[in-house]
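Asker: structure here, sequence nowhere to be found:
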């Protein structure tokens, strides 16, 4: 299933970070979409350590391709979702996406 989210231009206009609520069948996904280092990253908008929303409680570091939850310092790799410190061993859930020839971003749910 592919779900159109927005255009890449819309994402860049929103300071390269966007909070989304997406219906996928019977489920509603709370997502965070980030444009970082030329890549689109779509992830669950919740820190796996304490389930705190990342949209308002995170710092993105492009220099090491990471996102950090400011509440407890849990830090994750934006490419793999792997934890980068010892705050948690839980992985950040990432979602596949693609950009069509018109610059529209789609979420892919398998």
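Answerer: Good, I have the coordinates. Everything quoted here is computed from the prediction, not taken from an experiment.
Asker: skip the chain neighbours and tell me the closest residue to residue 2.
Answerer: With sequence-adjacent residues excluded and distances taken as CB to CB, 6 or more residues apart in numbering, residue 2 is closest to residue 106, at 4.6 Å. No exception for glycine: its C-beta is placed from N, CA and C like everyone else's.
Asker: would you list the phi and psi of that neighbour?
Answerer: phi -120, psi 140 (degrees, to the nearest 10).
Asker: let me see the ranges of the strands in the protein.
Answerer: Applying DSSP state E to the chain gives strands spanning 2-7, 17-24, 27-36, 39-44, 58-61, 66-69, 75-77, 94-99, 104-108.
Asker: residue ranges in this protein under the pLDDT threshold?
Answerer: Within the chain, the set of residues satisfying pLDDT under 70 is empty.
Asker: number of nearby residues for residue 80?
Answerer: When neighbours are defined as other CB atoms under 10 Å, residue 80 has 12 of them.
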